[in-house]
Each structure stands twice: as structure tokens, then as C-alpha cells.
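Participant: for reference, the sequence and a predicted model appear below.
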Amino acid sequence: MRKRIVAIFLSIAALTSCSKHDTGFTLYGTVPDGGDDTIFITGLDSRYDRVDTVIMKDGTFTFQCEADTIIPLLLLFRDGRQDAVFADKNLTANYTIDPTGMAMVDAGLCNLQLSEYLKAAANDYTDAQIIDRIDSFIQKNPVSVKINMNGKTPFRA
């Protein structure tokens, strides 16, 4: 009897200690002088192939989606601004715009690498500087997103 009670107790403890596999991504955003507006969010690949709308109130917004792997998203603002954000499972991130007008996302390796790249590239004006910066970034970050172009190679003449 005692063994049975211990077995039941251990089974219940094991079941309650199992964590759910939370795959949620949450993005909190703050846009200086953003006011009230609608932001369109779309995926850059087939893993997130829909368009969501997010309502911004008084320059702040919250966006949530499910992500079981890294998903590149594009935020589209009414004024023409476009910013990339990488959603990842179990990630909560903050989107802000710094005084120079550069968008920053404070969480997730891909977001941090992109922010670092954009800061470094902010003063690249010549073609040679831009190409060198891109080559350097690719060498440091060899993983890329597969682009489905129906057999065509992107970025080649």
C-alpha cells in the first residue's frame, strides 16, 4: 500500500513538473512620436507567410505569434519605414528607435547581430564600404535563409 502511494505521488510530481513547450514570441514596441497607427507585419519566408496588423496606441504596441524556430519578420509602417525583427520561441523582445532613427531590438542573437551590423554600417557611404561590410557580416554569420526563387539564383546578374 505504501509503495503504491509513493508511486502515485511520484507520478503526479513528474507530470506536474513537466513544462509545456512554450513557443510564444512577444515583441513590445515603442516609437517616439508614433501616436496612433497601424503596423503591418509580414514574414520574409514561407514559415510565416501571412500579414498581421498591429494597432499602435500612443507610440506603443505589442505583437505576439507562435514560433518554433527563428522567423524573420518585417515591420511595415505607414510612413514607409521597414524594420526586420527575428522572432524566436520563448523570446520576449523590445523594439525601440534610438535618437538617430535606428531601430533596435534588445533580445535574441539574430536581433542583436543585426542591430550591431546596422550600427557599424551607419557610416558606410561608398559602394566599396558597403560591399566590404556585407562580406564581413556574411563571413562572421555563414547561416542564411533559403530563398525559394523557382530555380533562379538571387543577387546574380
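Facilitator: Here it is on my side, so go on. Residues are numbered from 1 along each chain as shown.

Participant: can you give me the helices in this structure?
Facilitator: Secondary structure of the chain (DSSP state H): helices located at 2-17, 109-121, 127-140.

Participant: let me see the contact set for Trp81.
Facilitator: No, residue 81 isn't Trp; it's Arg. 75, 103 (CB atoms under 8 Å, 6 or more residues apart in numbering). In short, each C-beta sits where N, CA and C put it, glycine included.

Participant: er, Phe63 actually
Facilitator: 26-27, 29, 39, 41, 52, 54.

Participant: try it again with 6 Å
Facilitator: By CB atoms under 6 Å, 6 or more residues apart in numbering, Phe63 lies in contact with 27, 54.

Participant: quick check: bridge partners of it?
Facilitator: In this entry, Phe63 is beta-bridged to Leu27, by DSSP bridges.

Participant: what's the answer for Phe40, then?
Facilitator: Here Phe40, judged by DSSP bridges, has bridge partners Thr53, Leu76.

Participant: isn't it right next to Leu76, touching?
Facilitator: Yes - in this structure, Phe40 is within contact of Leu76 by CB atoms under 6 Å, at 4.2 Å.

Participant: returning to that earlier point: lowest average pLDDT across the helices of the chain?
Facilitator: Lowest mean pLDDT within these: helix 2-17, a mean of 49.

Participant: where's the residue nearest to Tyr28 when sequence neighbours are not counted relative to Gly29, distance?
Facilitator: Distances taken as CB to CB, 6 or more residues apart in numbering place Asn94 nearest to Tyr28, at 5.1 Å, with adjacent residues excluded. In this view, Asn94 and Gly29 are 7 Å apart by CB to CB, to the nearest Å.

Participant: neighbour count: those two, which is higher?
Facilitator: Gly29 (23 against 14; other CB atoms under 10 Å).

Participant: what about the nearest residue to the more buried one once chain neighbours are set aside, distance to Asp88?
Facilitator: Closest residue to Gly29 apart from its sequence neighbours, by CB to CB, 6+ apart: Tyr95 at 3.9 Å. Separation of Tyr95 from Asp88 (CB to CB): 14 Å.

Participant: which one of these two is surrounded by more residues?
Facilitator: The neighbour comparison of Tyr95 against Asp88 (other CB under 10 Å) goes to Tyr95, with 22 against 18.

Participant: separation between Leu76 and Thr38?
Facilitator: From Leu76 across to Thr38, the span is 10 Å (CB to CB).

Participant: perfect, that will be all.
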